[in-house]
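Visitor: The following block contains a protein sequence and its predicted model.
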Amino acid sequence: MPSTKVKAIVLGGVNIKEKDKLVTLFTLEKGKISVSMRGVRGEKAKLKSAKEIFTFGQYCIEEGKTNIITAVDIIDNFYDLSKNIDAYYEGCAIIDIANKIASNEPNPFLFIEIIKALKTLCYDNVRKYYVFDKFLLSVLKNMGYGFLSDKCSACGTNLEHKFFNFDVGEIVCARCQNSMCEKVSDATYSALRLLDKTEYEKLHSVRLGGMGEVQSYHLLCKDFLFRTGQNCINF
């Protein structure tokens, strides 16, 4: 049977048979795929660590009716996420978003964004919500749902008071708001703008005020629900 190598990150999996696991990989080359990892739940299994969520590496796949992993070169397992409960759950929320929007088509942007987000969570001292907010903001923009503008999306006037219109996924002014709108505080809008323009590796230096990161989290999760029909994990 033919074999191929892919760069991939583990999104999750389910136990099957006595020691096997059916693993969901998000790959750079093939998008989201399911693979079988035989014997990996055994005490002395060589590929034991390669089945865990967050694991990033080069996976060798024997292709057939069932795709089977035969070898793995682990690049990073982001182990330190397990030492920080907030970072771990934030990482799980990022993986959950990826699992919900990834398809069997390659998506290099999403793949790279996941790696950047997990590296920042794992190795930088970044405050809670910052990485997830940045990640979801970037993902929504890449899906065509960017909304950060100085002008009302409906009438084009300057935004003195801002309202998020969940029906269209854009920000409007007070005159254009309707029953599908929610007021966006200055702290939330400032937080979103700052996170949008800050690279992941510089998030550790950012300090948001006025609970902007928490309000941004709730707004982005609600927007994601309206755009995709999928809920975000609470953490």
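Guide: Received it, and whenever you're ready, just let me know what you need.

Visitor: centroid residue for this protein?
Guide: Ile94 (3.2 Å; C-alpha atoms, centre = their mean).

Visitor: Buried residues, the helix or strand hosting that one. List them.
Guide: Here Ile94 sits within helix 85-101, counting by DSSP states H and E. Residues of helix 85-101 classed as buried: 87-98, 101 (neighbour count, 16 or more other C-beta atoms under 10 Å). Placement of C-beta: from N, CA and C, glycine included.

Visitor: One more: stretch 138-152?
Guide: Using 16+ other C-beta under 10 Å as the test for burial, stretch 138-152 gives Ser138, Val139, Leu140, Tyr145, Phe147, Cys152.

Visitor: Go ahead and name everything in contact with it.
Guide: Stretch 138-152 is contacted from outside by 97, 101, 109-110, 113, 153, 157-159, 164, 169-173, 175-176, 192-193, 196, 220, 223-224, 227, using C-beta atoms under 8 Å, 6 or more residues apart in numbering.

Visitor: Narrow those residues to just the buried residues.
Guide: Burial by neighbour count, 16+ other C-beta under 10 Å: within the contacts of stretch 138-152 this picks out 97, 101, 110, 113, 153, 159, 164, 169-173, 176, 192, 220, 223-224, 227.

Visitor: From those, which land in strands?
Guide: Among the buried ones among the contacts of stretch 138-152, the subset assigned to strands under DSSP state E consists of Phe164, Glu170, Ile171, Val172.

Visitor: Show me what the first one is bridged to.
Guide: Using DSSP bridges, the bridge partners assigned to Phe164 are Ile171, Glu182.

Visitor: follow-up on the earlier one: just curious, which of the buried residues of stretch 138-152 is nearest to Thr188?
Guide: Using C-beta to C-beta, Phe147 comes nearest to Thr188 of the buried residues of stretch 138-152, at 12.1 Å.
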